[in-house]
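Engineer: Quick one, structure for this:
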Amino acid sequence: MQNALATLTATTEPNLNIAVFTSGGPNGVAMQRALNLNTDATLRTAWMTVNSAYSHFIFSGDRFTLASYNSYPHITDREFFTYR
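Structural biologist: Model prediction:
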């Protein structure tokens, strides 16, 4: 996953918005890179991801920054909350 993330950030043209649809595991790996987390913290973070939530990252060159994590304003009924 780290290789895929590195390829994505290295080959995306500047000023583009892109969407990547994935599960909590790869999202946790992106969090690991953005926040320099160790493996245990990465796993704990990935398990807290709400299904269909989105995270927002900003990148440029070697910079990879978390803008928002685990956002789900589109889920308005708690009955639909499920986790990874």
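Engineer: alpha carbons only for contacts and neighbour counts from here, please
Structural biologist: Fine.
Engineer: give me every residue that touches Q2.
Structural biologist: Contact partners of Q2, counting by Cα atoms under 8 Å, 6 or more residues apart in numbering, are V29, A30.
Engineer: Distance check, it against H74.
Structural biologist: Per Cα to Cα, to the nearest Å, Q2 is found 29 Å from H74.
Engineer: How about Y83?
Structural biologist: Counting by Cα to Cα, the gap from Y83 to H74 is 15 Å.
Engineer: Might you calculate how far the helix or strand harbouring T65 sits from the centre of the chain?
Structural biologist: Using DSSP states H and E, T65 maps to strand 63-71. Relative to its chain's centre, strand 63-71 lies at 7 Å (Cα atoms, centre = their mean, to the nearest Å).
Engineer: Does anything pack onto it? Which helices or strands?
Structural biologist: For strand 63-71, the packing partners by 3 or more Cα pairs under 8 Å, 6 or more residues apart in numbering; DSSP states H and E come out as helix 24-35, strand 54-60.
Engineer: Show me what the first one is packed up against.
Structural biologist: Packed against helix 24-35 by the contact rule (3+ Cα pairs under 8 Å, 6+ apart) you find helix 2-11, helix 39-46, strand 63-71.
Engineer: For N27, which of these is the nearest?
Structural biologist: With Cα to Cα as the criterion, N27 lies closest to helix 39-46 of the helices and strands packed on helix 24-35, at 6.8 Å.
Engineer: Can you give the contact residues for the closest one?
Structural biologist: Residues contacting helix 39-46 (Cα under 8 Å, 6+ apart): G24, G25, N27, G28, V29, M31, Q32, R84.
Engineer: Restricting to C-alpha, output it in CSV.
Structural biologist: Listed in CSV are the C-alpha atoms of helix 39-46, where the atom choice follows Å, rounded to 0.1, in the frame of the first residue of the first chain:
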residue,chain,number,x,y,z
THR,A,39,2.2,0.0,13.3
ASP,A,40,0.1,-0.4,16.4
ALA,A,41,-1.3,3.2,16.2
THR,A,42,-2.0,2.6,12.5
LEU,A,43,-4.1,-0.5,13.3
ARG,A,44,-6.0,1.2,16.1
THR,A,45,-6.8,4.1,13.7
ALA,A,46,-8.0,1.8,10.9
